[in-house]
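Undergrad: Okay, structure incoming, though there's no sequence with it:
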């Protein structure tokens, strides 16, 4: 009973994101206390939870199906960052929002994509592997891409971005993998609640940033929401269509689509807050979390039904 309740609450995370993001716009004081070091530690907890789900042998999928994993990683760090850069111009976003959009677009896939992949009944193992691989690659690629694409807009330190990514990504994941390896009994006790804990911290991070940027969102929200919506819709679509050219496997294509279309918005929010003085730069990441969760949920519902129909036909 308890486990089924936890699973329900975890799987309904897009709904919670939507509800609490809306509440943050109405009552920002409920969430703005969660800021500063709280966001850093919260993201660390999320990454630790991911690490607890991983074992060294889980990465065997990289060697068994390298084409699948590498295609997803390549699209993640080419399609999305350059879409983020281009959409800033297309929507004529104010500088802080354009920079924020590039930051979130340059981030790796997040744990939310694994939940959506599960709901969509696609290849969850591949989703987890791609998230882990893109997260590790992000330690180098996210700072480099962010610096390259933002360089002409605003001064940014690649080294500071790198250190920040190491602190909240690499260290917690390594700790999680180590705990999983040497304290398996403890891991088995903690693992059932880890996804729900991650969802809670994602909600707190997103709601806090939306609450703090409430006035800016109301002032130019439609334009910004349009840009974020275009970013993720394009990511889902191009992830599917481009992977389809190289891989003729519908389940894999759908998994890659989810992985490319959904970013680690929490990491984007942290990097924006830690490296830039203007708090508005973190707002695109907060909106991104709500938008990609909604798009992912709609896609998951459609693909889940399609999978069930295919099984009935067999």
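TA: Everything's here; your move. Keep in mind it's a predicted model, so treat the numbers as computed, not measured. Residues are numbered from 1 along each chain as shown.
Undergrad: all helices for the stretch 51-200 of the chain, in order.
TA: 60-64, 66-76, 79-90, 95-105, 111-120, 124-150, 158-165, 171-182, 184-190, 194-212 (DSSP state H, counting those that start in this stretch).
Undergrad: What are the buried residues along whatever helix or strand residue 218 lives in?
TA: Assignment of secondary structure by DSSP states H and E places residue 218 within helix 214-246. Within helix 214-246, the residues that qualify as buried are 214, 216-217, 224-225, 227-232, 234-236, 238-240, 242-244, counting by 16 or more other Cβ atoms under 10 Å. Bear in mind the C-beta positions are built from the backbone N, C-alpha and C, glycine included.
Undergrad: what's the spacing between residue 194 and residue 203?
TA: Residue 194 sits 15 Å away from residue 203, going by Cβ to Cβ, to the nearest Å.
Undergrad: Point out where the stretch 201-314 of the chain drops to low pLDDT.
TA: 220-221, 307-314 (pLDDT under 70).
Undergrad: make it 80
TA: 213, 216-221, 301, 304-314 (pLDDT under 80).
Undergrad: Assign a three-state SS to residue 263, would you?
TA: Of the three states, residue 263 takes coil under DSSP: H, G, I helix; E, B strand; the rest coil.
Undergrad: related to what we said a few turns ago, indicate which one of the helices of the stretch 51-200 of the chain is closest to residue 35.
TA: helix 194-212 (5.6 Å; Cβ to Cβ).
Undergrad: Not counting its neighbours along the chain, what's nearest residue 303?
TA: The shortest distance from residue 303 to any residue other than its chain neighbours is 4.2 Å, reached at residue 120 (Cβ to Cβ, 6 or more residues apart in numbering).
Undergrad: Show the pLDDT at that neighbour.
TA: On the pLDDT scale, residue 120 is placed at 82.
Undergrad: What's the local residue count around the residue lying closest to residue 280 once chain neighbours are set aside?
TA: Spatial nearest neighbour of residue 280, chain neighbours left out: residue 96 (3.9 Å); criterion: Cβ to Cβ, 6+ apart. A count of nearby residues for residue 96, using other Cβ atoms under 10 Å, gives 22.
Undergrad: Likewise for residue 70?
TA: Count around residue 70 with other Cβ under 10 Å applied: 14.
Undergrad: Can you name the residues in contact with stretch 285-295?
TA: Stretch 285-295 is contacted from outside by 13-14, 17-18, 21, 100, 103-104, 107, 112, 116, 202, 205-207, 209-210, 213, 217, 224-225, 228-229, 231-233, 235-236, 261-263, 265-266, 268-269, 272, using Cβ atoms under 8 Å, 6 or more residues apart in numbering.
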